[in-house]
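>>> what shape does this take:
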Amino acid sequence: MRNGVSMDPPLPSPADPPGVVRGRVRLPDPIGVYAILDAGTVDPASIPETARAMATVGVRVFQVRAKGRSSGALLDLCIEVRRALPPATRVLVNDRADVALLAGLDGVHLGDEDLPPSEASRVVGTARVVGFSTHSIEEVRAVDPSVCDYIGFGPLFPSTTKATGRRPHGIEGLAAACRVARVPVVAIGGIRIEDLPAIRGAGASGAALISGLLAAGDPREAARRAVEAWRGRV
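Numbers count the residues shown, from 1 in each chain. Presented below is the predicted three-dimensional model:
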């Protein structure tokens, strides 16, 4: 099965060129704070250093998202982010399985308008992580755990970053999704740092934050607070 998790996964070597992944990439268990590095929220040039700062305070999973940027610009950004981060972190790209492969990232996160997970897995290979966005209990039930390593579930709350037109599920809806999911669940949508203990209590493996981290005056401090909140220390 693809959805194994490990605290000590096989790691890519920092000396490897883009496109090389050694061994099966696995996500942390739990995933914890999942930082979405959105080029529409902050200056893309600042993203690699911002990601590096977040990693120093315990963020272990990152997703690069750059809607509307050219393929070349997205590829360059992904390579810069991967090089800025320690090998033990996990870096995914939104939508683009081809860029994940070329940049030597750990996987790809897909929406319902992207390649189907089974087809994306053919592009990135079975060694890399494939995540998929879900928005209902029916979609959660339909996820194939032999193809997807985790799912995003949301929106949890109203989001200022991404207008979806979908009704927020809240903590109760998240708990229901976690009860039927066959892979780890990452909550997404309008999440604030103070929401993290309840999200973990509902059974989620992780929580994705965008503006809660990037729109803060000090993203590193916001990431530190988020990691501590996830761990139940605030």
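>>> how long is stretch 193-206 from one end to the other?
Taking Cα to Cα, to the nearest Å, stretch 193-206 runs 12 Å from one end to the other.
>>> give me the contacts around it.
29-34, 61, 150, 153, 156-157, 171-172, 174-175, 178-179, 184-187, 191, 207, 209, 212, 222, 225-226, 229-230, 232 (Cβ atoms under 8 Å, 6 or more residues apart in numbering). In short, each C-beta sits where N, CA and C put it, glycine included.
>>> show me the strands in this structure, by range?
32-38, 61-65, 90-94, 107-110, 129-134, 150-153, 185-187, 206-209 (DSSP state E).
>>> helices and strands around the first one, which ones?
Read that as strand 32-38. helix 47-56, strand 61-65, strand 206-209, helix 211-214, helix 219-230 (3 or more Cβ pairs under 8 Å, 6 or more residues apart in numbering; DSSP states H and E).
>>> and the second one, how far out from the chain middle?
Distance of strand 61-65 from the chain centroid (Cα atoms, centre = their mean, to the nearest Å) equals 5 Å.
>>> what is that strand packed up against?
Contacts defined by 3+ Cβ pairs under 8 Å, 6+ apart place strand 61-65 against strand 32-38, helix 47-56, helix 71-84, strand 90-94.
>>> can you list the neighbours in contact with that strand?
With Cβ under 8 Å, 6+ apart, strand 61-65 has contacts from 27-28, 31-40, 47, 51, 54-55, 74, 77-78, 81, 85, 89-94, 105, 109, 206, 208.
>>> again with stretch 34-54
Contacts for stretch 34-54 (Cβ under 8 Å, 6+ apart): 59, 61-69, 73, 77, 80-81, 83-85, 94, 161, 186, 188, 206-211, 213-215, 219-220, 223.
>>> buried ones among those residues?
Among the contacts of stretch 34-54, those buried by neighbour count (16 or more other Cβ atoms under 10 Å) are 59, 61-66, 77, 80-81, 84-85, 94, 161, 186, 188, 206-211, 213-214, 219-220, 223.
>>> re earlier: for Ser121, find the nearest of the helices and strands packed on strand 61-65.
Of all these, it is strand 90-94 that lies closest to Ser121, at 13.4 Å by Cβ to Cβ.
>>> alpha carbons of the closest one, in CSV - could you do that?
Extracted in CSV, the C-alpha atoms of strand 90-94 (Å, rounded to 0.1, in the frame of the first residue of the first chain):
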residue,chain,number,x,y,z
ARG,A,90,8.7,17.0,2.7
VAL,A,91,8.1,19.3,-0.2
LEU,A,92,5.1,18.9,-2.6
VAL,A,93,3.8,21.0,-5.4
ASN,A,94,0.2,21.9,-6.1
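>>> tell me the angle it makes with strand 32-38.
Strand 90-94 runs at 40 degrees relative to strand 32-38, counting by axes from the mean of the first three to the mean of the last three Cα atoms, to 10 degrees.
>>> distance from the chain centre to strand 90-94, please.
6 Å.
>>> what angle separates it from helix 71-84?
Going by the same axes, to 10 degrees, strand 90-94 makes 170 degrees with helix 71-84.
>>> and strand 90-94, what does it pack against?
Counting contacts by 3+ Cβ pairs under 8 Å, 6+ apart, strand 90-94 is packed against strand 61-65, helix 71-84, helix 97-103, strand 107-110, strand 129-134.
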